[in-house]
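# fold the stuff below for me.
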Amino acid sequence: MSMSFLPVMAFAMLLGGGGGFDALDLLPAEQYWQVKNVAVNVDGMLRQLPSSDAETPDVSRQIENLGSAIPKVRDAAGEEIAAHGSAVIPQLRDASDSSDPEVAARARELIHRLESNRQAGAIRRLMAIRTLGELEDERALEVLRRLQPSRKPFESEYAERAVARIEGRPWRRAAQRGESDVWRLPESCGLVAEARLFDQPGADVGSLHDAVRKAMPMLQAMGGGAEDPMRMIATKLIEVFEKTGNLRVDSVVAGMTEDIDEGSGKLVVIFRGVYNAPAFSQWLQDEGTAADDGGRILRPDEEVGIAMPSDRHLAILITPGRDNLDESRAMLAGLKRREKPLERNAKMTALVRKVAPASFVWARGTIPRSIRDEPAFGNTFSDIAFDATQEDGVVSMSLEAEGPDADQVRAFSAQLDAQLQTAKTQLQQMAQMGPMAGMFQPVTELLESIRIGSKQKTMKVTGSFKPDLMSLAAPWIGIAPMMQAID
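Residues are numbered from 1 along each chain as shown. Next comes the predicted model:
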């Protein structure tokens with residue numbers, strides 16, 4: 001089994017996810033409270049939601065003392081600031097840019113310390129709000145309605161969703177309208193893509209947890225049953241979320257230059273959503289990622305730059321074979337200034353403006369030369385157009401790839417169709433493997449819907465599936481550890 005199946009899982013999640021859930025929804029409530037040793041009932045959940053209306057304290061004097069020449073004064077000032085909790089983080093952020101290196105360094109240390117506590121507290125509140133909705137007890141309505149105007153990230157939406165569930169009403173996040181981020185991609189892009197998730201129906205939270213449970217037999221069989229897989233997964237998710245906070249991806253755009261190869265070209269991916277940029281940055285740094293520009297740019301290696309201009313955007317720049325720190329800084333500055341460099345590319349502008357509004361996932365442009373030259377492609381295709389639309393609970397996909405030679409396109413189409421038939425046979429066999437039985441049915445149905453054909457110099461591939469993303473992902477959840485072990 002090859003790790004190449006992992007992109008299939010990611011693609012299924014991207015198409016099926018829609019705007020229906022946040023990352024935190026991957027964590028079942030009952031598992032969270034088991035790890036925290038808290039009984040799940042209305043009174044217990046309400047106790048997790050204390051009022052937080054206290055005024056923000058002024059710690060400017062203590063911040064000034066962080067730069068004192070006397071160590072005891074510096075340490076005491078730090079403890080006084082920390083005692084006020086996360087409410088003073090905004091003042092510390094200002095201090096982290098201080099011209100006094102000692103003040104700036106200590107302010108950053110305090111932010112790290114307080115952010116960790118704040119994210120854990122925020123996650124606890126969101127889980128309590130969500131759990132109250134799942135309990136469907138009207139006694140929680142008064143508190144939940146008071147939380148609906150909250151300005152804390154995610155809290156208002158979680159309260160609205162919980163109230164709707166208790167009242168037996170459907171709930172859907174308000175559409176996030178605005179101009180596409182595709183125009184923020186580099187002018188030199190020859191291939192661009194976008195996935196708009198915010199205005200698509202998302203999977204029900206319960207289906208996420210059901211799919212994880214579907215994968216449990218395989219996980220238990222692989223682990224010898226020594227440890228509860230659900231608790232193991234929950235513990236790991238809690239560990240991450242209490243450092244990063246909750247997050248949501250509303251849209252993703254990506255652009256690639258035609259000359260991308262070792263030592264040339266670039267790939268840029270821009271995420272739009274909601275997340276805590278400082279906390280996310282600190283988590284990556286704690287995991288060993290190098291940082292520049294005060295944590296606003298992260299460098300997993302010299303070829304990769306991650307820019308976080310705000311709590312709404314995160315951008316990744318990949319430049320194979322060369323250092324990209326200066327380019328990452330330029331990308332960060334451009335995002336902050338809301339520049340639209342792709343609009344200067346007349347060819348791409350014309351292609352993008354022709355994309356139908358109904359396509360919530362699409363791609364247009366020229367395949368990079370380095371990919372066209374791969375033996376698997378044999379320079380068969382040069383330009384592609386991909387679209388995915390959703391109607392009446394079904395996602396329909398269409399891919400058109402155009403090449404210079406009709407005979408070559410026809411031969412490639414026939415070969416791809418033969419590989420598809422082989423994949424169907426292999427999945428049918430895997431579906432008979434003990435604890436795997438039935439798990440692969442949604443993926444099999446997807447493959448059965450695919451049609452491959454060619455006309456003159458164009459190959460066309462179509463397919464459809466019901467966007468129950470976790471039913472599609474469940475088999476890969478179960479076999480991912482096996483694939484990692486084999487690879």
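# got any ranges where the stretch 301-450 of the chain has weak pLDDT?
Along the stretch 301-450 of the chain, the model assigns pLDDT under 70 to residues 431, 433-440.
# so, low pLDDT: which residues of the stretch 101-250 of the chain?
The low-confidence ranges in the stretch 101-250 of the chain, as defined by pLDDT under 70, are 175-177, 198-229.
# quick one, helices of it?
101-135, 141-147, 155-166, 205-223, 229-244 (DSSP state H, counting those that start in this stretch).
# how about those in a markdown table, adding distance to S454?
(Glycine included, C-beta is placed from N, CA and C.) A markdown table is the format used below for these (distance: least, CB to CB, whole Å):
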| stretch | distance to S454 |
| --- | --- |
| helix 101-135 | 49 |
| helix 141-147 | 56 |
| helix 155-166 | 46 |
| helix 205-223 | 36 |
| helix 229-244 | 44 |
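# mind putting those helices in JSON lines, distance to A39 and mean neighbour count included?
Putting the helices of the stretch 101-250 of the chain into JSON lines (distance: least, CB to CB, whole Å; neighbours: other CB atoms under 10 Å) gives the following:
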{"stretch": "helix 101-135", "distance to A39": "11", "mean neighbour count": "20"}
{"stretch": "helix 141-147", "distance to A39": "18", "mean neighbour count": "15"}
{"stretch": "helix 155-166", "distance to A39": "19", "mean neighbour count": "21"}
{"stretch": "helix 205-223", "distance to A39": "20", "mean neighbour count": "18"}
{"stretch": "helix 229-244", "distance to A39": "16", "mean neighbour count": "17"}
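# what's the closest of the ones you listed to D286?
Among the helices of the stretch 101-250 of the chain, the nearest to D286 by CB to CB is helix 229-244 (7.1 Å).
# specify the angle between the closest one and helix 101-135 in degrees.
Angle, helix 229-244 to helix 101-135, by axes from the mean of the first three to the mean of the last three CA atoms, to 10 degrees: 140 degrees.
# who does helix 229-244 touch, helix- and strand-wise?
The contact analysis (3 or more CB pairs under 8 Å, 6 or more residues apart in numbering; DSSP states H and E) places helix 229-244 against helix 29-35, helix 101-135, helix 205-223, helix 277-286.
# save those helices as a markdown table, and put in distance to I81 too.
Below are the helices and strands packed on helix 229-244 laid out as a markdown table (distance: least, CB to CB, whole Å):
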| stretch | distance to I81 |
| --- | --- |
| helix 29-35 | 30 |
| helix 101-135 | 6 |
| helix 205-223 | 38 |
| helix 277-286 | 16 |
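# closest one to S150 among those helices?
That would be helix 101-135 among the helices and strands packed on helix 229-244, by CB to CB, at 9.5 Å.
# who's in contact with the residue nearest the centre of the chain?
Geometric centre of the chain, nearest residue: V249, 5.1 Å, by CA atoms, centre = their mean. Contacts for V249 (CB atoms under 8 Å, 6 or more residues apart in numbering) come out as 197, 271-273.
# which residues pair with it across the strands?
Per DSSP bridges, residues listed as beta-bridge partners of V249: G273.
# which of the helices and strands packed on helix 229-244 sits closest to Q441?
Across those, Q441 has its closest neighbour in helix 205-223 (10.5 Å, CB to CB).
# any idea how the chain splits into domains?
Listed by automatic domain parsing, the domain ranges of the chain are 5-20+177-486, 29-166.
# ends of the shortest one, what's the gap?
Distance between the boundary residues of domain 29-166 (CA to CA, to the nearest Å) amounts to 16 Å.
# go on, stretch 261-270?
Stretch 261-270: ends 20 Å apart by CA to CA.
# what of stretch 320-330?
Start-to-end span of stretch 320-330 (CA to CA) is 17 Å.
# again with stretch 33-41
This stretch, stretch 33-41, spans 11 Å end to end (CA to CA).
# identify each buried residue in it, please.
Neighbour-count burial for stretch 33-41, counted by 16 or more other CB atoms under 10 Å, picks out 33-34, 38, 40.
# counting neighbours, what do you get for the closest residue to A23 other than its chain neighbours?
Once flanking residues are discounted, A23 sits nearest to L247: 4.9 Å by CB to CB, 6 or more residues apart in numbering. For L247, the neighbour count with other CB atoms under 10 Å is 20.
# L247 reaches V274, doesn't it?
Yes: using CB atoms under 8 Å, L247 is in contact with V274, at 6.6 Å.
# just to revisit the earlier point, make JSON lines out of the contacts of V249 and add neighbour count and distance to V394.
What follows is the contacts of V249, written out as JSON lines (neighbours: other CB atoms under 10 Å; distance: CB to CB, whole Å):
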{"residue": "L197", "neighbour count": "23", "distance to V394": "17"}
{"residue": "F271", "neighbour count": "21", "distance to V394": "26"}
{"residue": "R272", "neighbour count": "23", "distance to V394": "26"}
{"residue": "G273", "neighbour count": "19", "distance to V394": "25"}
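# now those as JSON lines including distance to V409?
Listed next are the contacts of V249 as JSON lines, based on distance: CB to CB, whole Å:
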{"residue": "L197", "distance to V409": "32"}
{"residue": "F271", "distance to V409": "34"}
{"residue": "R272", "distance to V409": "36"}
{"residue": "G273", "distance to V409": "38"}
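# quick one: which of the residues you listed is nearest M348?
Within these, proximity to M348 (CB to CB) peaks at R272, which comes in at 19.2 Å.
# what separation do you get for the residue lying closest to that closest one once chain neighbours are set aside and G378?
Closest residue to R272 apart from its sequence neighbours, by CB to CB, 6+ apart: S251 at 4.7 Å. From S251 across to G378, the span is 34 Å (CB to CB, to the nearest Å).
# so for the two, which sits in the more crowded spot?
Taking other CB under 10 Å, S251 and G378 do not tie; S251 has more neighbours (21 against 13).
# before we move on, which element is that one in?
Element membership of S251, judged by DSSP states H and E, is strand 248-257.
# how far does that strand sit from its chain's centre?
Put simply, strand 248-257 sits 10 Å off its chain's centre (CA atoms, centre = their mean, to the nearest Å).
# for stretch 31-40, same thing?
That offset, for stretch 31-40, works out to 26 Å (CA atoms, centre = their mean).
# repeat for stretch 296-313
Using CA atoms, centre = their mean, the offset of stretch 296-313 from its chain centre is 15 Å.
# what's near enough to touch the residue lying closest to A120 once chain neighbours are set aside?
Nearest non-adjacent residue to A120, counting by CB to CB, 6+ apart: E242, 4.0 Å away. Listed by CB under 8 Å, 6+ apart, the contact partners of E242 are 116, 119-120, 123.
# helices along the stretch 251-400 of the chain, start to end?
277-286, 325-336, 346-353, 369-372.
# contacts made by the shortest one with the rest, please.
So the one you mean is helix 369-372. Residues outside helix 369-372 that contact it (CB under 8 Å, 6+ apart) are 258-261, 265, 377, 379-382.
# farthest pair in those residues?
Among those, G265 and T380 lie farthest apart (CB to CB), at 20.9 Å.
# sweet, I'm off.
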